[in-house]
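Engineer: pasted the sequence and its predicted model underneath.
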Amino acid sequence: MKTRNDCFAELRKLFVDANPAHISQIEREADHEAAALGLERNQFISEQINLAFGRYLNTLPGDTTVSVIEMMTTDEHTRKALLREYYQEIAESLGMSAEDFLRENRITL
């Protein structure tokens, strides 16, 4: 089954594919800036893409993880399973059951 990490990785790839000019700019910057920062070129590129992707994620409405899951899952069973797992983790960190968390936050799956 698809995981949340899979959803984020797939969306990151789509982001890269949809932004070739931005990626090219990052690659050009890497030629000049990576060595000055003590980084390998590929490491610099990866970190800069991650930063750009993070800025994109911050534009998504509501809870970023929920938005990514909803965008990147094609079947309802997987979407519900990933959301339930995510909300379970949040509930556990708050010391409550998933059912109570969902009810208190008026979330239906």
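Structural biologist: Alright, I've got the coordinates.

Engineer: what is the burial count for residue 2?
Structural biologist: Residues near residue 2, counting by other C-beta atoms under 10 Å, number 16. No exception for glycine: its C-beta is placed from N, CA and C like everyone else's.

Engineer: next one: it from residue 53, what distance?
Structural biologist: Distance of residue 2 to residue 53, given as C-beta to C-beta, to the nearest Å: 19 Å.

Engineer: ok, for residue 60, nearest residue in space, not its chain neighbours?
Structural biologist: residue 67 (4.2 Å; C-beta to C-beta, 6 or more residues apart in numbering).

Engineer: surely the one you found and residue 61 touch.
Structural biologist: Yes: between residue 67 and residue 61 there is a contact under C-beta atoms under 8 Å: 6.4 Å.

Engineer: for those two, indicate the residue with more neighbours.
Structural biologist: Comparing residue 67 with residue 61 by other C-beta under 10 Å, the one with more neighbours is residue 67, at 16 against 7.

Engineer: state the distance from that one to residue 24.
Structural biologist: Distance from residue 67 to residue 24, by C-beta to C-beta: 27 Å.

Engineer: what kind of secondary structure is the residue located most distally from the centre of the chain in?
Structural biologist: Within the chain, the residue lying farthest from the chain centre (C-alpha atoms, centre = their mean) is residue 36, at 29.0 Å. Under DSSP: H, G, I helix; E, B strand; the rest coil, residue 36 falls in the helix class.

Engineer: per-residue confidence at residue 38?
Structural biologist: Looking at residue 38, its pLDDT reads 89.

Engineer: mind giving me the packing neighbours of the helix or strand harbouring residue 27?
Structural biologist: Taking DSSP states H and E as the criterion, residue 27 maps to helix 20-33. The contact analysis (3 or more C-beta pairs under 8 Å, 6 or more residues apart in numbering; DSSP states H and E) places helix 20-33 against helix 41-57.
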